[in-house]
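J.: okay, predicted coordinates and the sequence, questions at the end:
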Amino acid sequence: MWIGVVSLFPEMFEAITCHGVTGRAVEKGQVTVEFWNPRDYATDRHRTVDDRPYGGGPGMLMKVDTLRSAIHDARARAEQATGQRPRVIYLSPQGRRLDQKGAQELASGPPLVVVAGRYEGIDERVVEADIDEEWSIGDYVLSGGELPAMVLIDTAARLVPGVLGHQDSAVEDSFNDGLLDCPHYTRPEVIDGRRVPEVLLSGHHGNIRRWRMKQSLGRTWLRRPDLLEGKELAPEQQALLKEFMDEYAD
Ligand SMILES: NC(=O)c1ccc(NCc2cccc(O)c2)nc1
């Protein structure tokens with residue numbers, strides 16, 4: 001997976017390119033992340049990258065010419081490196097809500113150029129002319145688009161085949177098949193008098209699979225019933241959820 005990043009703070013992205021699963025994916029070449037900094041396109045003495053908003057009001061916007069040059073070069077490199085036209089994404093609270101389904105879509109699609117805004121954002125004509133899709137990681141405002149960009153890149157990169165240890169860990173992940181994750185346990189067997197559920201010590205893989213499925217369904221029902229709305233459950237899932245609900249009612 002090839003990802004270009006347009007950001008005034010490229011060093012922030014070490015959080016995903018130099019650590020953990022995503023860091024190893026970059027090291028192994030399964031994921032490529034390249035950076036373009038609008039400040040490198042500034043020609044004035046002060047290397048200006050912001051500009052005042054028409055109509056007045058507080059704050060600044062990203063300067064148009066330096067931003068557009070960076071996006072243009074990132075786009076060109078994407079095509080040169082992959083032979084495909086990239087999807088240019090801008091992170092803002094006005095964008096499409098990122099979820100696991102969207103992450104899967106991004107991971108299996110064309111190369112990405114991800115644009116991280118600073119200040120109060122970018123000129124709307126740049127959104128119209130240069131941005132293909134606006135995405136949001138949630139209904140809150142951050143001081144910049146870098147953290148949202150890293151969230152988007154991380155959740156997509158980990159879905160690239162071969163990036164996660166054993167592929168099924170991506171499948172079993174929370175929000176896979178749209179359910180919340182089941183509880184997890186590891187050593188010691190007892191913590192402050194709290195024991196590991198016996199079924200998980202039984203070695204009975206069929207019972208363990210069913211217990212985990214029941215817990216995922218039950219937790220989703222209790223914590224995020226909206227995720228069950230309109231969701232087609234398999235007969236086994238329906239039975240397990242009913243069992244959970246009956247036990248919960250007791
Ligand atoms: N929810 C998000 O994905 C998100 C994205 C960016 C961001 N900050 C930079 C910015 C960029 C554009 C407009 C704007 O108002 C703020 N904050 C939150």
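T.: Right, received. Where do you want to start? Numbers count the residues shown, from 1 in each chain.
J.: ok, then the element right after the least confident helix or strand in the chain by mean pLDDT?
T.: The weakest-scoring helix or strand in the chain, judged by mean pLDDT, DSSP states H and E, is helix 168-172 (a mean of 53). Counting by DSSP states H and E, the next helix or strand C-terminal to helix 168-172 is strand 190-191.
J.: direction included, what does that following strand pair up with?
T.: strand 194-195 (antiparallel) (DSSP bridges).
J.: can you list contacts of the strand it pairs with?
T.: Outside strand 194-195, the residues within contact range by Cβ atoms under 8 Å, 6 or more residues apart in numbering are residue 189. Yep, even glycine has a C-beta here, placed from its N, CA and C like the rest.
J.: avg pLDDT for that strand?
T.: For strand 194-195, the mean pLDDT works out to 98.
J.: now swap in stretch 120-128 and tell me
T.: Averaging pLDDT along stretch 120-128 yields 98.
J.: that one near the ligand at all?
T.: Yes - using Cβ under 6 Å from any ligand atom, we find that stretch 120-128 touches the ligand at 120, 121.
J.: buried ones in that stretch, by neighbour count?
T.: 121, 122, 123, 126, 127 (16 or more other Cβ atoms under 10 Å).
J.: equivalent analysis for stretch 36-49, please.
T.: By 16+ other Cβ under 10 Å, the buried positions in stretch 36-49 come out as 36, 37, 38, 41, 42, 49.
J.: same deal with stretch 219-238?
T.: For stretch 219-238, the neighbour count (16+ other Cβ under 10 Å) marks 219, 220, 221, 237 as buried.
J.: for the second one, give me its contacts.
T.: With Cβ under 8 Å, 6+ apart as the criterion, the residues that contact residue 220 are 179, 180, 227, 228.
J.: three-state assignment of residue 118?
T.: coil (DSSP: H, G, I helix; E, B strand; the rest coil).
J.: for the protein, what spans make up the helices?
T.: Along the chain, counting by DSSP state H, helices occupy 14-17, 20-27, 64-82, 100-107, 124-130, 146-157, 168-172, 205-223, 235-249.
J.: okay, those helices, which one's buried deepest?
T.: Among those, ranked by average contacts under mean count of other Cβ atoms under 10 Å, first place goes to helix 146-157 (a mean of 22).
J.: how about that helix, does it reach the ligand?
T.: Yes - legend: contact between helix 146-157 and the ligand by Cβ under 6 Å from any ligand atom is shown at residue 148.
J.: quick check: mean pLDDT of that helix?
T.: For helix 146-157, mean pLDDT rounds to 99.
J.: also stretch 241-250?
T.: On average, stretch 241-250 scores 97.
J.: not counting the top strand by length along the chain itself, show me its contacts.
T.: Ranked by number of residues, the top strand in the chain under DSSP state E is strand 87-97. Residues outside strand 87-97 that contact it (Cβ under 8 Å, 6+ apart): 71, 74-75, 102, 106, 109-117, 121-122, 127, 130-141, 145, 148-149, 152.
J.: and what of stretch 228-243?
T.: 178, 210, 213, 214, 217, 218, 220, 221.
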